[in-house]
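# Below: sequence and its predicted model.
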Amino acid sequence: MIPKNSRSVPLTLIIWGLAAIVAFLILFPLWWIFISSITPAGELFSKPVKYWPAHPTLDSYRYLIKNVGLLPKIGNTAIIVGLSILIGMIISVMAAFSFARFRTRGLSIAVGFLLASMLIPDVVTARPLYDFLRSVHLYDTYTGLIILYISGILPFTVLILQNYLNDIPVSIEESASIDGCGFFQSMFYVTIPLLRPALATVCIVNFITCLNNFFTPLFYSNGISVLSTAITQLPLRDNMYAVPWDLVSAMGWIIILPIIIFVAIFQRQIMEGIMAGGVKG
Amino acid sequence: MKRFWSLFLTGSLTIAVALSGCSGNGSRANETTSGTKDAGNAGKDEITLYTIQSTNPKFQDWLKEAEEKSGVKINWVAAPTDSDTRQQKVSTILSSGDNTVDILEINDEMATSFKNAGWLEPLQDTVLTDDVLNQLPQGYMKDMLTSSKGDLIGVPSYTGYLGLWVDQKKLEAAGMTSINNEEDFVKFLKATTKDGQYGYGGSWEKTYVFNEIATFVNLFGGDYFDWSNEGSRKAVKFMYDMANTWKVTPVDQIADKYEQMNQKFIDGKYASVFMWGTGTDYKQANRYGEDQIHMINMPEFAKRSIFTDSWSYVLNSASKNKDAAIKFLKYAASEDGELNGWKNFDRYPARADVAAKEEVAGDIKTIYNEIQSTNEVHGRPMLPQTMEFISEMGTLFQNYIQDKITLDDFCKKAQEAVERYK
């Protein structure tokens, strides 16, 4: 590894140049979505291309709030995503702990099934699940959606937490036990605090996964609309082929924004979590 | 201590589940954009409508009047406006016997896919009686909304023509006052092609070009499902000549959809296009009007023919509120229903007698009336696997236009596609 202070100026410039190119490639589409969202519909495709609209407007956002029910959608998203992550994490921690600490044939098979479920595409199970949810009156309900969201994040979360738990020596819990800790005490006071980096990482990843989930809320509900599916409810213009790009951009920006903010705030935890999970030894 | 943690874990889970809502129906969304209700449990004169109009600013006005005049309480569910997603949703609802919606708004693609599936209730004996039916575009009703058994399955809510739009200034610059026939049309295209501008602009992206191919097939008196028909061959040859022989339209528009085509038309790059609707895009760009961009009657080639599209109200066969649903459908097909659509959604009435009324006013009325009285009005030629068929035909057309296959190859492969998807 080259020490920091021994880097030559050209090398530093190349590194910064590459970083600037990558940053531009990532940021330009976001900038373009934002610009499109504040450009009046009639100016969207004007030539020459404008990188800042002549008449910027927030009409698209106003329309989304007034006519597309943006605020209830944000509320629904918060309820469903929040509860899914909360309940999902509780179940995942307990499951991962069991899988990591109690080695039985049955649990090994259970892990296998859980992980195998990640390989099944959503569309394969969609129709039977649709019929099932209707038959148990969970179709188009918060409960039904939360269960489906949790089932979506569970395998990945359990996998990560179990791997992390495998790296925490059992002897630590045994020492706690010798010091008088009961089973749950050692779990909550000793093991779970050690799991924090992994918990932070899966929480963040699950948040993004849930927020981006399009198929589940679209297919398994009619009345409960969330942000990710709102884009399918934008009004048609004049004919069925005319796409309201100004509204699409505004909606896209609203969907992207929480993810950007979340990642910007927690990027250190994400990196730490990934690094911690990635280094064995 | 162990007991405490057991209780804590159990309690946390219970609270979380309780927060998420324990009963199925009790935890439904109660948001402003949806009036969802289980149609199976609805009252006698209560229906659930699956609609694409719920995000329209005037939807509530439309709804209020529809409820008052139909005497039916209308709950509603917002349908996806994105076509692929909507088709999947509606297919699932209808095929599963889901009775949570009674009436659905469907477009031409969905009507074609569903009309023979047995998922929709026939309406000829209850709603589309002769007095109503006679006022609707006959070609469209036959092509789009009649099942193979002869059942009428939908009430069209408006008429929207795929008309010929011209730039009046370019028409005048070409020294012409009108485009009446094939000769005029070609003359106009050639006269207005200069300085990087073209006489004709298309959206020849593979899933969009279908509309234009079918329009020319109709004008030449062909049959979209018969590629041995001389009129059908002439139509695609005409489009080939426009792009390659006369060069009055650019080949690179094979990547264009309506957005790109409309922008180029607005920017003055094209002198004419085929386009749906009443010119909203042109109005927004301040390019609409008799002295600028406006719709004219279709020129007469072998015949004068035009496509109309619509969204139709259909009745779910699994509905448990059929009496109330039929009340609503009768209203939708009535003068009041069609005028409500015109007033609040700018939808031009599908019924000729309603369109002729004074309440329906505006410059579009003149040309729509002329088209209605001089053209054969048809629904587009679609097959049950609509999108696959449209896409394959579009790909074949693009290959032909780019000289990758000959006209004979195109017609042969097009006929094979027709047989495959029929």
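Looks like it arrived, so ask away. Residues are numbered from 1 along each chain as shown, chains lettered A, B, ... in the order given.
# going forward, measure contacts between C-alpha atoms and count neighbours the same way
Fine.
# Please verify my assumption that residue B:89 contacts residue A:221.
No - with contact defined as C-alpha atoms under 8 Å, residue B:89 does not reach residue A:221; the gap is 9.9 Å.
# centre of the chain versus the helix or strand of chain A with the lowest mean pLDDT, how much separation?
Ranking every helix and strand in chain A by mean pLDDT, DSSP states H and E puts helix A:245-278 at the bottom, with a mean of 80. Computed by C-alpha atoms, centre = their mean, to the nearest Å, the chain-centroid distance of helix A:245-278 equals 8 Å.
# does it come close to chain B?
No - judged by C-alpha under 8 Å from any C-alpha of the partner chain, helix A:245-278 stays clear of chain B, getting no closer than 9.4 Å.
# for that helix, packing partners?
Judged by 3 or more C-alpha pairs under 8 Å, 6 or more residues apart in numbering or on different chains; DSSP states H and E, the packing partners of helix A:245-278 are helix A:9-37, helix A:59-67, helix A:142-166, helix A:196-212, helix A:227-230.
# deepest of these, which one?
helix A:227-230 (a mean of 24; mean count of other C-alpha atoms under 10 Å in any protein chain shown).
# Can you tell me the closest non-neighbouring residue to the residue most central in space within chain A?
In chain A, the centroid-proximal residue (C-alpha atoms, centre = their mean) is residue A:208; its distance is 1.4 Å. Spatial nearest neighbour of residue A:208, excluding adjacent residues (C-alpha to C-alpha, 6 or more residues apart in numbering or on different chains): residue A:259 at 6.4 Å.
# Can you give me the neighbour number for that neighbour?
Residue A:259 sits with 17 neighbouring residues when counted by other C-alpha atoms under 10 Å in any protein chain shown.
# check contacts around residue A:234.
A:68, A:244, A:247, A:248, B:55, B:80, B:81 (C-alpha atoms under 8 Å, 6 or more residues apart in numbering or on different chains).
# Report the lowest-confidence entry in these.
The member of the contacts of residue A:234 with the lowest pLDDT is residue B:81, at 78.
# So what's the residue count around that one?
22.
# is it true that it touches residue B:51?
No - contact criterion C-alpha under 8 Å: residue B:81 and residue B:51 do not qualify, at 9.0 Å.
# Run through the strands of the stretch 251-400 of chain B in chain order.
Using DSSP state E, counting those that start in this stretch, the strands of the stretch 251-400 of chain B run over B:272-276, B:293-296, B:305-309, B:312-315, B:376-378.
# Flag every buried residue along the one helix or strand residue B:414 maps to.
Per DSSP states H and E: residue B:414 is located in helix B:407-421. Counting neighbours by 16 or more other C-alpha atoms under 10 Å in any protein chain shown, one finds that the buried residues in helix B:407-421 are B:407, B:410, B:411, B:413, B:414, B:415, B:417, B:418.
# Check which helices and strands that helix is in contact with.
Against helix B:407-421 (3+ C-alpha pairs under 8 Å, 6+ apart) you get helix B:230-240, helix B:386-401.
# Same list (those helices) but as JSON lines, adding mean pLDDT.
As requested, those are exported to JSON lines (pLDDT from 0 to 100):
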{"stretch": "helix B:230-240", "mean pLDDT": "97"}
{"stretch": "helix B:386-401", "mean pLDDT": "93"}
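# Format those helices as a markdown table; extra columns: mean neighbour count and distance to chain A.
Converted to a markdown table, the helices and strands packed on helix B:407-421 look like this (neighbours: other C-alpha atoms under 10 Å in any protein chain shown; distance: least, C-alpha to the nearest C-alpha, whole Å):
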| stretch | mean neighbour count | distance to chain A |
| --- | --- | --- |
| helix B:230-240 | 20 | 22 |
| helix B:386-401 | 20 | 14 |
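# I'd like to know which of these is closest to residue A:13.
helix B:386-401 (46.9 Å; C-alpha to C-alpha).
# For the closest one, which outside residues touch it?
Defining contact as C-alpha under 8 Å, 6+ apart, one finds that helix B:386-401 is touched by B:109, B:112-113, B:204-210, B:236, B:240, B:243-244, B:251, B:254, B:382-383, B:405-407, B:410, B:413-414, B:417-418, B:421.
# Now do the nearest residue to residue B:174 once chain neighbours are set aside against residue B:243, distance only.
Nearest residue to residue B:174 in three dimensions, chain neighbours excluded: residue B:191, at 5.6 Å (C-alpha to C-alpha, 6+ apart). With distances taken as C-alpha to C-alpha, to the nearest Å, residue B:191 is found 15 Å from residue B:243.
# same check, this time on residue B:176
Residue B:176 is 22 Å from residue B:243, by C-alpha to C-alpha.
# Looking at these two, which is more packed in?
residue B:243 (20 against 14).
# Next up, phi/psi of the closest residue to the more buried one other than its chain neighbours, please.
Excluding the flanking residues, the one nearest residue B:243 by C-alpha to C-alpha, 6+ apart is residue B:249, at 5.0 Å. Taking degrees, to the nearest 10, you get phi -150, psi 140 for the backbone angles of residue B:249.
# Low-confidence bits of chain B, can you list those?
When residues are selected by pLDDT under 70, those of chain B lie in B:1-44.
# now the top strand by length along it against strand B:305-309, angle please.
Longest strand in chain B, counting residues (DSSP state E): strand B:160-167. Angle, strand B:160-167 to strand B:305-309, by axes from the mean of the first three to the mean of the last three C-alpha atoms, to 10 degrees: 120 degrees.
# ok so, going back, want to throw the buried residues of helix B:407-421 into CSV with distance to residue B:100?
Shown next, in CSV, are the buried residues of helix B:407-421 (distance: C-alpha to C-alpha, whole Å):
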residue, distance to residue B:100
B:407, 49
B:410, 45
B:411, 45
B:413, 43
B:414, 40
B:415, 41
B:417, 37
B:418, 36
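# Out of those residues, which is nearest to residue B:130?
Once C-alpha to C-alpha is applied, the member of the buried residues of helix B:407-421 that ends up nearest residue B:130 is residue B:418, at 32.9 Å.
# Contact partners for the nearest residue to residue B:153 once chain neighbours are set aside?
Spatially, and ignoring its direct neighbours in sequence, residue B:153 is nearest to residue B:122 (5.0 Å; C-alpha to C-alpha, 6+ apart). Contact partners of residue B:122, counting by C-alpha under 8 Å, 6+ apart, are B:151, B:152, B:153.
# how deep is residue 115 tucked in, by neighbour count?
No chain was given, so I picked chain A. When neighbours are counted by other C-alpha under 10 Å, residue A:115 comes out with 16.
# should've been chain B
Residue B:115: 24 neighbours (other C-alpha under 10 Å).
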